[in-house]
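A.B. asks: Coordinates for the following, if possible.
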Amino acid sequence: MFKVLISKIVIPSNISDYLSRTLVVITVATTLLIGGVLIIQQTLYYNKISKQKSNEYLEYQKTYIQDIVKNELEYIRIQNEIFKQNINEEVRNNVTQAYLTAETIYQKYAGIKSEDEIKALIIASISSLKFDMEYEEVFISSLNGSGVYYSRRPEFTGKNMLQFKDVNGSSVVLDEINLLKSKDEGFLSFIINSDLNSKTSPNKKISFVKKFGHFNWYFGSKQYVEDYFPKFRDEIARKISTVRFKYGGYVFMNSINGSPIVMDGAVYKGNMNLMEKTENIRNKVFLQELDVVKNNPDGGYFYYQWNKMNDTIPSEKCSYVQLYKEYNWLIGAGFYLDEINQSIKDQKMKLWEDQKSSILTILLILILLLFIEGIIISGFNKRYKSDFERFFNFFYSSQNNYNQLNISELNFDEFRRAGIAANEMIMLREETEKKLHQEHRKAMESDRLKSAFLANMSHEIRTPMNAILGFSELLETDNLSEKDKLVFVKQIQKNGNMLLNLIHDIMDISKIEANLLSIRKRPVILSKFMEDISNHYAELLTSRKDKDILFKINHEVNHDVLIQTDEIRLRQVIDNLLGNAIKFTTSGSILVDVKLEADMIHFNITDTGIGIPSDQQAAIFERFMQADQGDKINIGGTGLGLAISKNLIQLLGGSIQVKSESGKGSTFSFYIPKG
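C.D. replies: Purely as a prediction, here's the structure:
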């Protein structure tokens, strides 16, 4: 019992209720399912975006400190170029100053004093020049390798210096002379290994030489980069120590030998070496820096524990470090992960607020949708049931009448289409019943016509048969003249031909009804065909004393025009039409007009006979039908000729029509294809 009750509630017997409940259940379930899916998607999206944002923010911070380090490396590179240019300019200026001094003395005393006196004046002037740095000086040597003036090495004066080598084994003078063989001035650089050099300074010496052609001399000056390097390094360190970025970040700078240069955001002034204090946390971090640049020459990241400023508890930190190879400086910057995590947490909170807002919006939309769906479903049920009721009432009422459904009262397109089909069904039923009545009447009329046809046939057959039998009996009379015998034989032949033609018509109409009539197309010379017809009917009408008819054929066809048609059937059609024209015309004319238009041959047969009433012109091509000419005219015939002609023309690929007016004659027009 309970199952039956549940079944009736879930699956009611009323299709309208069933559809309504099914629609409600599906709509509500679909809406809730979509809402649930959207909420789940939003939750998954939140988790995905939250994780993605965390990774993106961490990657952003890593890229950020990498960019800071690379900016500082680019700054060092630019300043290093300027630093080198300044040293080169300093050396060049020293030599240029000495050269100009010597050139001035030579120009002033040339031709006044001897060469030795001028040389002595130049050397004295050069020795008295003052320069910015303590060890700056200008030396003079000859292009043949002989020493002229060295302020701190007087023993080189007059000495052949071609084989001289400095403490690093470099043939300094020979290199200078070789340079001046191809140019008037130029720079030379030498790598040195002096005890005065510290491990943090560049081991390099810069020289500049310039020809003084008057005495085959050249002037030169040299500088050790290490003399200028401390000042350059301190300027770099001061600048880097001022760099600050978010979360209290700073840039650190160490030498690869363990000497700190910038530490904790300040220039380091102490003597600590990070390589020595192995128990110190700084030593472990520095070793990580070395390991990173060893494995990643272009820089890399590493993680470690480090105390924040004014904090005694270490925090996890991520740093990026890269080596400036020329001076073996380690440049790096980092950020504390807990500060990043706090920012990520804040972003997640904001994202979660947005997520809650989205879920709340989805719930509100779901409620609104359910409300709107309820209104829509209620309206749907009302209109749906209304359409059903109209259809039921329509089908009940249409059993006994032909009333149609009012389509405009239906609400749904499907019902409208069904209504249109139902109305068409009613119309078809009404039309079918009308046709049944018409066919019944036609059948009755057909029976009547066939009865009339049979009666007519019996008359048409008896008439020539009586003539044949009568004249045959007369021929048996003994005292007949030859002339009478000839007349009787002709009458027998005439009536025999009439009977034969009648039999042919009956056979042809039988073949047409059985769909067995066929045609055989062969080449026909149209002009000859029309000439035969003209001769035949001209002779026929001449012999007819009861007819006063002018017969004429007009055709505009060349003599060599061939057509593909069934000559016998075409002749049969023309004979039927001309036979009718002669039959219904006592006096006047019969005109046959033939024209070739494109691929069609048009025939027009016009007579001046009795004509055909307009209300009977459509029926004359039907079997057993003849135009009714009233009681005064008895034309005889079977009524098959035009029906046979119409079917023959259709088989030949053409059609036929008639124009006629009672008392004024008729025109039968038909066409057939040329090939």
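
A.B. asks: Could you pull out the strands in the stretch 451-600 of the chain for me?
C.D. replies: Remark: strands assigned in the stretch 451-600 of the chain by DSSP state E, counting those that start in this stretch are 522-525, 548-555, 562-565, 587-597, 600-607.

A.B. asks: C-alpha coordinates for the first one, CSV please?
C.D. replies: Extracted as CSV, the C-alpha positions of strand 522-525 are listed here (Å, rounded to 0.1, in the frame of the first residue of the first chain):
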residue,chain,number,x,y,z
ARG,A,522,13.3,7.5,-86.4
PRO,A,523,14.7,10.2,-88.6
VAL,A,524,11.9,12.0,-90.6
ILE,A,525,12.3,14.7,-93.2
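
A.B. asks: And that strand, what does it pack against?
C.D. replies: For strand 522-525, the elements it packs on are strand 562-565, helix 567-583, judged by 3 or more C-beta pairs under 8 Å, 6 or more residues apart in numbering; DSSP states H and E. Any C-beta I mention is one placed from the backbone N, CA and C, and that applies to glycine too.

A.B. asks: Give me the residues contacting the longest one.
C.D. replies: If I follow you right, that is helix 567-583. 519, 522, 524, 529, 533, 537, 540-541, 544, 547, 549, 590, 592, 603, 605, 607, 609, 635, 637, 641-642, 644-645, 648-649, 651-652, 666, 668, 670, 672 (C-beta atoms under 8 Å, 6 or more residues apart in numbering).

A.B. asks: Among the residues you listed, name the buried ones.
C.D. replies: The neighbour count (16 or more other C-beta atoms under 10 Å) marks 524, 529, 533, 537, 541, 547, 549, 590, 592, 603, 605, 607, 609, 641-642, 644-645, 648-649, 652, 666, 668, 670, 672 as buried among the contacts of helix 567-583.

A.B. asks: my read: R152 touches E136, true?
C.D. replies: No: between R152 and E136 there is no contact under C-beta atoms under 8 Å: 11.3 Å.

A.B. asks: between those two, which one's more packed in?
C.D. replies: Neighbour count, other C-beta atoms under 10 Å: between R152 and E136, E136 has more, with 17 against 8.

A.B. asks: gap between that one and F212?
C.D. replies: Separation of E136 from F212 (C-beta to C-beta, to the nearest Å): 19 Å.

A.B. asks: C-terminal to the helix or strand bottoming out on mean pLDDT in the chain, what's the next element?
C.D. replies: The helix or strand of the chain with the lowest confidence, counting by mean pLDDT, DSSP states H and E, is helix 2-10 at a mean of 53. For helix 2-10, the following helix or strand on the C-terminal side (DSSP states H and E) is helix 15-109.

A.B. asks: For A333, give its distance to S315.
C.D. replies: To S315, A333 is 16 Å away according to C-beta to C-beta.

A.B. asks: Looking at these two, which is more packed in?
C.D. replies: Neighbour count, other C-beta under 10 Å: between A333 and S315, A333 has more, with 24 against 13.

A.B. asks: Confirm that that one sits in a strand.
C.D. replies: Yes: inclusion of A333 in a strand is indicated when DSSP: H, G, I helix; E, B strand; the rest coil is applied.

A.B. asks: Is it correct that it is in contact with V69?
C.D. replies: Yes: the pair A333 / V69 is scored as a contact, 5.3 Å apart, by C-beta under 8 Å.

A.B. asks: ok now do K165, which residues does it touch?
C.D. replies: Going by C-beta under 8 Å, 6+ apart, K165 touches 171-172.

A.B. asks: Could I get the average pLDDT for stretch 461-468?
C.D. replies: Mean pLDDT, computed over stretch 461-468, is 78.

A.B. asks: How about stretch 640-654?
C.D. replies: Mean predicted confidence for stretch 640-654 is 89.

A.B. asks: now do stretch 442-457
C.D. replies: What stretch 442-457 shows for mean pLDDT is 68.

A.B. asks: do the same with stretch 139-146
C.D. replies: On average, the pLDDT along stretch 139-146 is 92.

A.B. asks: which parts of it are buried?
C.D. replies: Of all the residues in stretch 139-146, those buried under the rule 16+ other C-beta under 10 Å are 139-143, 145-146.

A.B. asks: cool, and stretch 70-80?
C.D. replies: Neighbour counts over stretch 70-80 (16+ other C-beta under 10 Å) mark 72-73, 76, 80 as buried.

A.B. asks: repeat for stretch 595-615
C.D. replies: Buried residues in stretch 595-615, counted by 16+ other C-beta under 10 Å: 596, 601, 603-613.

A.B. asks: wait, which of those residues is closest to T586?
C.D. replies: Among the buried residues of stretch 595-615, G609 lies closest to T586 (C-beta to C-beta), at 7.5 Å.

A.B. asks: That closest one sits in which helix or strand?
C.D. replies: Secondary structure assignment for G609, by DSSP H and E: no helix or strand.

A.B. asks: Phi first, then psi, for it.
C.D. replies: Main-chain dihedrals, G609, degrees, to the nearest 10: phi -80, psi -150.

A.B. asks: Neighbours of the spatially closest residue to F83 that is not a sequence neighbour, how many?
C.D. replies: Using C-beta to C-beta, 6 or more residues apart in numbering and skipping the chain neighbours, the partner closest in space to F83 is F232 (4.8 Å). Residues near F232, counting by other C-beta under 10 Å, number 21.

A.B. asks: And for S510?
C.D. replies: S510: 11 surrounding residues under other C-beta under 10 Å.

A.B. asks: where does it land on pLDDT?
C.D. replies: pLDDT at S510 comes out at 75.

A.B. asks: Helix 15-109 and the strand or helix carrying I362, what's the angle between them?
C.D. replies: Taking DSSP H and E as the criterion, I362 maps to helix 337-397. Taking axes from the mean of the first three to the mean of the last three C-alpha atoms, to 10 degrees, one finds helix 337-397 and helix 15-109 inclined to each other by 150 degrees.

A.B. asks: Summarise which helices and strands helix 337-397 is packed against.
C.D. replies: Judged by 3+ C-beta pairs under 8 Å, 6+ apart, helix 337-397 is in contact with helix 15-109, strand 314-324, helix 413-475.

A.B. asks: Neighbouring strands - and their directions - for the shortest one?
C.D. replies: To tie it back to what came earlier, the one meant is strand 314-324. Strand pairing for strand 314-324, determined by DSSP bridges: strand 300-307 (antiparallel), strand 329-336 (antiparallel).

A.B. asks: sorry, back to before: show me what contacts the residue nearest to F83?
C.D. replies: By C-beta under 8 Å, 6+ apart, the residues touching F232 are 79-80, 83.

A.B. asks: now swap in I206 and tell me
C.D. replies: Residues in contact with I206 (C-beta under 8 Å, 6+ apart) are 87-88, 91, 187-189, 222-225.

A.B. asks: Go through those residues and say which is closest to D413.
C.D. replies: Taking C-beta to C-beta as the measure, N88 is the one of the contacts of I206 closest to D413, at 92.6 Å.

A.B. asks: quick one: contacts for the closest one?
C.D. replies: Neighbouring residues of N88 by C-beta under 8 Å, 6+ apart: 187, 206, 208.

A.B. asks: is it possible to export the residues you listed to JSON lines including distance to G36, secondary structure and pLDDT?
C.D. replies: JSON lines is the format used below for those (distance: C-beta to C-beta, whole Å; DSSP: H, G, I helix; E, B strand; the rest coil; pLDDT from 0 to 100):
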{"residue": "F187", "distance to G36": "79", "secondary structure": "strand", "pLDDT": "92"}
{"residue": "I206", "distance to G36": "78", "secondary structure": "strand", "pLDDT": "89"}
{"residue": "F208", "distance to G36": "83", "secondary structure": "strand", "pLDDT": "94"}
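
A.B. asks: No more questions from me, cheers.
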